[in-house]
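[1] pasting the structure only:
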């Protein structure tokens, strides 16, 4: 879906009218504070003090809330609440979100408003407290719901049936009435049901991959990821069974579906930083339903659902929603995750005969390589090898502040793991951008008083100082003759650069490192002359990504069509993704940097997920690589 198509779709859903019937819940977040605790006189036990509390719509309520947040013109709720303190709060939140509540019924007995209370202490969610587990829907309440919904169908473009609770509104009687309504109505229905997906003939289905396998009587280990092959098989079986399209959500692996035209897939989205997947399925359902109600096909619907969920998982400790602006911001230039199964399991990889070159997608025969981009650090140079060993301790010290030496072991361990994950996820992006994330992390853990928190440039200056000392010592070894260029470059990279230069290919050098440093270090290594001034590094502006700037320069010089004849060599996800977005050919360089040759399997995984067409451990087989590129050495 192009940016223009996405914008048009979001405009079209303003006229859409959708109803949601099902298990409307509240998510309650209680922030506990031990410092406010006291010993109860009555029990002699320490109290659990709540510093603050907040409530948001969950279950079917979250689906409805997502619909209004993304701009759906009219959303109606058909739900049941209890005659308890949480019922009015549910109604207040629905009305505040612009959701029509005339279809909400109040049941005075045998019904508690479903609430999930989530106590949070020291940034961790504690054991949940649930209301509504013993609910019993009165028959008259169920008939009232169905009657109201049926009377509203002529004013609706689509109805969502949501079932999450074992003791919710979906009794046998109500389910039979609702299934009859689906069969009789010309209004489309979309069902998302944990327990009763088989009950609604004639409806679209949205379900997750584990639910799909369960419906196909396929057992799967609890923690094992569902393979693509298993999900595809389930989609085909369920479409044949139901004769209606299915959408199978696969978490970080995107959405897979099947309709009358066949199988379709929407890749997962790369997300940097922490995520909270609570409610992600509801967000995906809302996006799918809104697009279907606006008359779009199933693949476009899955794409919108993917973007909507991609926004909400970035919102922590809240059942989040996605606004049109947030969806546009993500969907205009999305970072997809490619071939996650292959990335995680190299056993299915395909290698060039008698070689270490892993072929994922062959270069089309009609391409003629005119331009080549080399990433610098880790692809050409190892002068900065070990930067992670400098950045990680600096980040940990920055997060813990003055408590660095005295912090409890468990806190230190949590911070260290967060830093490790963050560095792994942001490898290849500009240092200034990494430091923006550090600022957020420092604030999040709260160990450093606000006036003492530096901005991204302050933390970058600290990092640059330590890194410069390491790089300076290595440059001194080069200049003294104690070590030579081969000691600080990936094996085989110098011959391939020279061969491409001699073949008349236009060469570019790109890096997230500061521009002046890239220029100086490429001179020291003797490779600057091959790039003839086409060297682009970071200029310290987080909004200007050096690797995107190189691609723009190539397009400006040679035209947009020239990007099809572009090859990029890189060891980071950024340059690989940006190349793939522009139809270039991406070669991942997954080198064990301390040795300067051989495989780094963690890099291989990252580079395949970023979209690499070819992955190599180094450039020792550079002549074979040139043959695959159609360049004569």
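    Done, it's in. These numbers were taken from a predicted model, which means no experiment stands behind them.
[2] contacting residues for residue 115?
    Remark: with contacts taken as CB atoms under 8 Å, 6 or more residues apart in numbering, residue 115 is in contact with 25-28, 86, 130-132. Bear in mind the C-beta positions are built from the backbone N, C-alpha and C, glycine included.
[3] reformat those residues as JSON lines; add neighbour count and secondary structure.
    As requested, the contacts of residue 115 are arranged in JSON lines below (neighbours: other CB atoms under 10 Å; DSSP: H, G, I helix; E, B strand; the rest coil):
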{"residue": "25", "neighbour count": "28", "secondary structure": "strand"}
{"residue": "26", "neighbour count": "25", "secondary structure": "strand"}
{"residue": "27", "neighbour count": "22", "secondary structure": "strand"}
{"residue": "28", "neighbour count": "20", "secondary structure": "strand"}
{"residue": "86", "neighbour count": "20", "secondary structure": "helix"}
{"residue": "130", "neighbour count": "13", "secondary structure": "strand"}
{"residue": "131", "neighbour count": "18", "secondary structure": "strand"}
{"residue": "132", "neighbour count": "22", "secondary structure": "coil"}
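[4] tell me the one among those nearest to residue 379.
    Nearest to residue 379 out of those is residue 27 (CB to CB; 45.3 Å).
[5] could you report the separation of the spatially closest residue to the closest one that is not a sequence neighbour from residue 86?
    Here the nearest residue to residue 27 in space, its sequence neighbours aside, is residue 58; by CB to CB, 6 or more residues apart in numbering that works out to 4.0 Å. Between residue 58 and residue 86 the distance is 11 Å, computed by CB to CB, to the nearest Å.
[6] go on, residue 371?
    From residue 371 over to residue 86 the distance is 62 Å, taken as CB to CB.
[7] follow-up on the earlier one: could you look up the SS state of the residue nearest to residue 27?
    When states are read from DSSP: H, G, I helix; E, B strand; the rest coil, the local structure at residue 58 comes out as strand.
[8] who's in contact with the nearest residue to residue 426 once chain neighbours are set aside?
    Nearest residue to residue 426 in three dimensions, chain neighbours excluded: residue 434, at 5.0 Å (CB to CB, 6+ apart). Shown here is residue 434, whose contacts under the criterion CB under 8 Å, 6+ apart are 391, 422-423, 426.
[9] which of these sits closest to residue 473?
    When the contacts of residue 434 are compared for distance to residue 473 (CB to CB), residue 391 wins out at 17.4 Å.
[10] wait, the closest one touches residue 423, no?
    Yes. Between residue 391 and residue 423 a contact is recorded at 6.0 Å, counting by CB atoms under 8 Å.
[11] grab the nearest non-local neighbour of residue 519.
    Nearest residue to residue 519, sequence neighbours excluded (CB to CB, 6+ apart): residue 535, at 5.7 Å.
[12] next, count neighbours for the one you found.
    Counted with other CB atoms under 10 Å, the burial measure for residue 535 works out to 22 neighbours.
[13] and it, how far is that from residue 527?
    For residue 535, the distance to residue 527 - CB to CB - is 10 Å.
[14] quickly list what's touching both of these two.
    Any residue near both residue 535 and residue 527 by CB under 8 Å, 6+ apart counts here, and that gives residue 509.
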